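>>> fold the following and give me the result.
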Amino acid sequence: MRENQEIARQWLAEASGDLLNADNNLEAENIPFDTVCFHCQQAAEKMLKALLVSRGMEYPFTHDLLLLLENVLEINSDAERLRDDLAILMPYAVEIRYPDDWFMPSLADAEEARESAARVLQWLEICAPVLF
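Numbers count the residues shown, from 1 in each chain. Model (predicted):
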């Protein structure tokens, strides 16, 4: 179990880096909104995987945050409160990387994505404080 906790902390360190990237880009003179949104999605994905790993559970190899949520719900039904935030972040995993298939997010989209990622982090800090 101790090894799982260490791996989970590594996932959280990666998520922290994604949030830092999002924050730094939001402070830039020319904000790459798609990059901010992508890093927020990635942070949420890594946070959910960290929780699963910390509980000794396998996680699916996917960027689908709602699928990851279903796995998290098996160990914590309170995670249901994350559904709307995860739905906001979902499109930014893959689709955002292909300009022909997607829209260019706005500042409002980037700020909304960052707020959603922050709520996932706040929830995780409450439900799994041992990881922090």
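>>> report pLDDT for residue 107.
With respect to pLDDT, residue 107 scores 97.
>>> wait, doesn't it sit right on residue 30?
No - the criterion here is CB atoms under 8 Å, and residue 107 misses it with residue 30 at 11.4 Å. From N, CA and C alone the C-beta is placed, and that goes for glycine too.
>>> which of those two has more neighbours?
Ranked by neighbour count (other CB atoms under 10 Å), residue 107 and residue 30 place residue 107 first, with 11 against 5.
>>> can you get me the start-to-end distance on stretch 24-36?
One end of stretch 24-36 to the other measures 9 Å (CA to CA, to the nearest Å).
>>> quick check: buried residues in that stretch?
Residues of stretch 24-36 classed as buried: 25-26, 31, 33-36 (neighbour count, 16 or more other CB atoms under 10 Å).
>>> give the contact list for the residue minimising distance to the centre of the chain.
Among the residues of the chain, the one closest to the centroid is residue 44, at 0.8 Å (CA atoms, centre = their mean). Shown in contact with residue 44 (CB atoms under 8 Å, 6 or more residues apart in numbering): 15, 65, 85-86, 89, 116-117, 120.
>>> poorly predicted segments of the protein, please.
Scanning the chain for pLDDT under 70 picks out the ranges 1, 99-102.
>>> would you map the strands across it?
With DSSP state E as the criterion, the chain has no strands.
>>> by residue count, what's the longest helix in it?
helix 2-26 (DSSP state H).
>>> what does that helix contact?
By CB under 8 Å, 6+ apart, the residues outside helix 2-26 that reach it are 31-32, 35-36, 39-40, 42-44, 46-47, 49-51, 53-56, 110-111, 113-114, 117, 121, 130-132.
>>> again with stretch 84-92
Residues outside stretch 84-92 that contact it (CB under 8 Å, 6+ apart) are 34, 37-38, 40-41, 44, 64-66, 68-69, 102, 105, 112-113, 116-117, 119-120.
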